[in-house]
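Participant: Below is the sequence, then the predicted model.
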Amino acid sequence: MAIIIKRGNMLHVQWYDAGAKKIASKSTGLTATDANMRKAELYAKKLQHELSKRTDELKQIGVQKISIRDAFEHFLRNNQSKHPKTIIDYWRFYKKFTEHFDENQPCTNITKVDVEDWLNMIKRLPQQKNSIHGYGKQCYHFLNFLFEYSYTPMFKINRDVKTRPEVKEKIIFTDEDITKIFSGLKTKNKNFATAIYMLFYTGLRSSDILSIQREKIDLINSTIHYYSPKRKKYREIPFHSALTDMMSSSLAEKPNGKFIDYKIVDNLSRAVYRYFKEIGLNDKGYTARTFRKTFISLCRSRFNMDASVVRELVGHEHGNTTDRYYNQIQISTMKQELEKFKRPDM
């Protein structure tokens, strides 16, 4: 029951918040006079009516009372098989989200207006547009989860409020910079040089090359078996003849274990960034991912390699039904196409 209490010379309304399981109160803005007391009591009666009505509505549509924190823990349990980087993105969103929403409050406190206010707020953050869209994208995933489990009534975010990704310029290495990258490797350790060669000649994701085990490299047939964390599947691809000598030497020294010794993708990314800075290429927007973009661009635009084969080589999903479900691309076909790929300075 909502009641009126006096604090100092002001009147406050007080009620029990069943969702948060605690007493809540707020000022009425009225001074403690007899006339204002009658106004405040009418306000309390109206508030109690709205609270009771809201409780009945939630019961009718089956909305469960659960805190935001408990709902997020449930969300994480359901998504525990996702890529570790995706899990990090979920936590990054949650940290930003709970700066505005009290995680101890019930999910029913998450309303359309409050979420749209939050989205408008994050769009003003001094961050890259795609970083901000990352917050928004995970927010939409979390909201859909809340709606699915009836943790909060369903609502639709205004399309003009939603975050949008930024389509950035396609940046690939110039021929001159490719020469510079490989020339500078003479002074680098073998592990880093191997990573650069693998990134350039395979076009694989950083997470893919870090999953390659030495015992899964077949020097006789020039193939690699590896597990793709992104695709969540085991794959087999041929490797370029330019990698044969390097692989043979490395496997002779150590036949088992990880082929490239970086614990996580971020460590490799930082090493690549430091190297680009060292050789004066840090102001061109290059990252470790630029190797993948360059490989695909050269394969398709310069060497006119078959699009389906290139997708299979780099681990992209096929976009048409024929390639996805019926066309089995043979290793021999991939090998033949892959040998068209040449390093510009060779």
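Facilitator: In hand now; what should we look at?
Participant: Could you pick out the longest strand of this structure?
Facilitator: strand 22-31 (DSSP state E).
Participant: In terms of secondary structure, what does that strand contact?
Facilitator: strand 3-7, strand 10-17, helix 34-60 (3 or more C-beta pairs under 8 Å, 6 or more residues apart in numbering; DSSP states H and E). All C-beta spots, glycine's among them, are computed from the backbone N, C-alpha and C.
Participant: a markdown table please, covering the ones you listed and showing distance to Ala71 and mean pLDDT.
Facilitator: A markdown table is the format used below for those (distance: least, C-beta to C-beta, whole Å; pLDDT from 0 to 100):
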| stretch | distance to Ala71 | mean pLDDT |
| --- | --- | --- |
| strand 3-7 | 31 | 83 |
| strand 10-17 | 17 | 78 |
| helix 34-60 | 15 | 74 |
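Participant: Now render these as a markdown table, adding distance to Met305.
Facilitator: Formatted as a markdown table, the helices and strands packed on strand 22-31 follow (distance: least, C-beta to C-beta, whole Å):
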| stretch | distance to Met305 |
| --- | --- |
| strand 3-7 | 76 |
| strand 10-17 | 63 |
| helix 34-60 | 58 |
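Participant: Just name the most buried of those.
Facilitator: strand 10-17 (a mean of 17; mean count of other C-beta atoms under 10 Å).
Participant: one step back: can you tell which of the helices and strands packed on strand 22-31 is closest to Pro255?
Facilitator: Closest to Pro255 of these is helix 34-60 (C-beta to C-beta; 62.3 Å).
Participant: Give me the next element, helix or strand, following the closest one.
Facilitator: Next along the chain after helix 34-60, taking DSSP states H and E as the criterion, comes helix 68-78.
Participant: Can you mark which positions in that next one are buried?
Facilitator: Neighbour-count burial for helix 68-78 flags Ile68, Ala71, Phe72, Phe75 (criterion: 16 or more other C-beta atoms under 10 Å).
Participant: so what's the third one up against?
Facilitator: Contacts for Phe72 (C-beta atoms under 8 Å, 6 or more residues apart in numbering) come out as Tyr94, Glu103, Phe142.
Participant: 10 Å instead, please
Facilitator: Counting by C-beta atoms under 10 Å, 6 or more residues apart in numbering, Phe72 touches Tyr90, Trp91, Phe93, Tyr94, Phe97, Thr98, Glu103, Cys107, Phe142, Phe145, Leu146.
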